[in-house]
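[1] the following block contains a protein sequence and its predicted model.
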Amino acid sequence: MGIITKIGRAIWALPRLNKRQCNTLVMTMLVKNEEKMLENNLKFHKAMGVDKFIITDNNSTDSTPQILEKYKEMGWVHAIIKEPGQNYMQKQWVDRMICLAIKELKADWIINVDADEFWYTPTGSIKQELAQAKGNVVHCPIRSMYPEENTPYTQWNKRVEFVSNQADYELSTYSIFERQRGKVAHRTDGYLQIGTGNHKVTMLPKKTVETGIMIYHYNVGLRDAFIAKMVNGGKQFEQHPGKKHGRHWRYFYELYKNNQLSEEYDRVIGLHHLEELKRDGYLVEDGTMTSIFSQLSGKI
């Protein structure tokens with residue numbers, strides 16, 4: 001969808017800014033080797049009210065393609081886009097999925113996610129929350145979940161809080177305790193361009209509101225998974241033309257090349273000051289997701 005077409009749609013949407021409905025909710029997802037979280041992600045968001053998924057698979061070598069085909073045959077996944085690119089043009093790839101959701105599914109609202117994000121609302125229906133939103137962009141805060149060694153992520157039950165004085169705990173520049181930028185869901189009416197990382201979106205007009213939706217984020221996995229993820233992302237961002245993007249990927253990849261990434265992981269999760277972090281209230285017990293994962297385990 002060209003920019004002229006997008007602007008035309010946006011102008012048409014001007015008097016419809018306060019339209020309050022969500023007949024069709026589409027979720028887009030960009031994945032690579034996400035076999036551990038992908039199926040739970042699809043089940044979780046389907047239960048939360050997502051109607052259809054559009055997914056771009058960027059050169060997965062694990063069972064991710066087979067999982068996607070399974071849910072496409074079930075009718076949950078509308079389209080699987082096989083993206084061979086090695087330069088992580090995330091914004092363009094997500095925009096392509098959004099345009100497909102608009103053209104083929106007539107989506108009212110779109111949520112653009114990564115496989116390690118679980119968009120949650122206490123009401124049990126994201127679709128209902130969006131239908132009641134008095135704007136065309138919904139900003140959703142992120143809460144990271146703390147990785148627990150020798151424990152599957154479905155049983156992690158500690159939520160991380162932002163640490164302002166990170167140096168006091170000898171934390172990494174990009175620790176799990178850093179401030180997390182929220183992400184956005186958006187209407188299709190008025191859509192022009194998604195931002196890198198799905199943290200913002202350009203709309204015409206634009207009215208951003210808050211709802212009861214929040215994101216449980218499993219962004220830091222166990223050591224081996226974290227290292228593999230940073231190496232993969234770092235290699236791709238080395239080929240990305242925009243040098244200002246992917247700073248943390250580049251940071252960790254440089255450490256990897258200097259054989260320092262495993263050591264840095266300890267600082268990412270505050271391993272050497274864990275008791276102080278607990279004592280000072282930066283790790284909060286939160287069993288919301290463990291309970292939901294338990295309920296989902298017996299479904300499909």
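    Yep, that arrived. Predicted, not measured: the structure shown is a model, and the values here were computed from it. Residues are numbered from 1 along each chain as shown.
[2] which residues in the chain form helices?
    Using DSSP state H, the helices found in the chain span residues 3-13, 38-47, 64-73, 90-105, 126-131, 223-237, 247-257, 261-268, 274-279, 288-296.
[3] using CSV, write down the CA coordinates of the fourth one.
    Extracted in CSV, the C-alpha atoms of helix 90-105 (Å, rounded to 0.1, in the frame of the first residue of the first chain):
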residue,chain,number,x,y,z
GLN,A,90,11.5,-4.9,10.8
LYS,A,91,9.5,-1.8,10.2
GLN,A,92,8.9,-2.5,6.5
TRP,A,93,8.1,-6.2,7.2
VAL,A,94,5.5,-5.3,9.8
ASP,A,95,4.0,-2.5,7.6
ARG,A,96,3.5,-5.2,4.9
MET,A,97,1.5,-7.3,7.3
ILE,A,98,-0.6,-4.4,8.4
CYS,A,99,-1.4,-3.5,4.8
LEU,A,100,-2.4,-7.1,4.2
ALA,A,101,-4.7,-7.1,7.2
ILE,A,102,-6.4,-3.9,5.9
LYS,A,103,-6.8,-5.2,2.4
GLU,A,104,-7.7,-8.8,2.9
LEU,A,105,-9.3,-8.9,6.4
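[4] so how far is residue 30 from residue 289?
    Look at residue 289 and residue 30: by Cβ to Cβ, to the nearest Å, they are 22 Å apart. (C-beta placed from N, C-alpha, C; glycine too.)
[5] should've said residue 207
    Relative to residue 30, residue 207 is positioned 27 Å away (Cβ to Cβ).
[6] tell me which of these two has more neighbours.
    Comparing residue 207 with residue 30 by other Cβ atoms under 10 Å, the one with more neighbours is residue 30, at 21 against 14.
[7] for that one, which non-adjacent residue is spatially closest?
    Spatially, and ignoring its direct neighbours in sequence, residue 30 is nearest to residue 56 (4.9 Å; Cβ to Cβ, 6 or more residues apart in numbering).
[8] residues in contact with that neighbour?
    For residue 56, the set of contacting residues under the criterion of Cβ atoms under 8 Å, 6 or more residues apart in numbering consists of 28-31, 80-83, 93-94, 96-97.
[9] beta partners of it?
    On the basis of DSSP bridges, residue 56 takes part in beta bridges with residue 30, residue 81.
[10] low-confidence regions, the stretch 1-150 of the chain specifically.
    Using pLDDT under 70 as the threshold, the predicted model of the stretch 1-150 of the chain has low-confidence ranges 1-20.
[11] isn't residue 289 right next to residue 144, touching?
    No - in terms of Cβ atoms under 8 Å, residue 289 does not count as a neighbour of residue 144; the distance is 11.7 Å.
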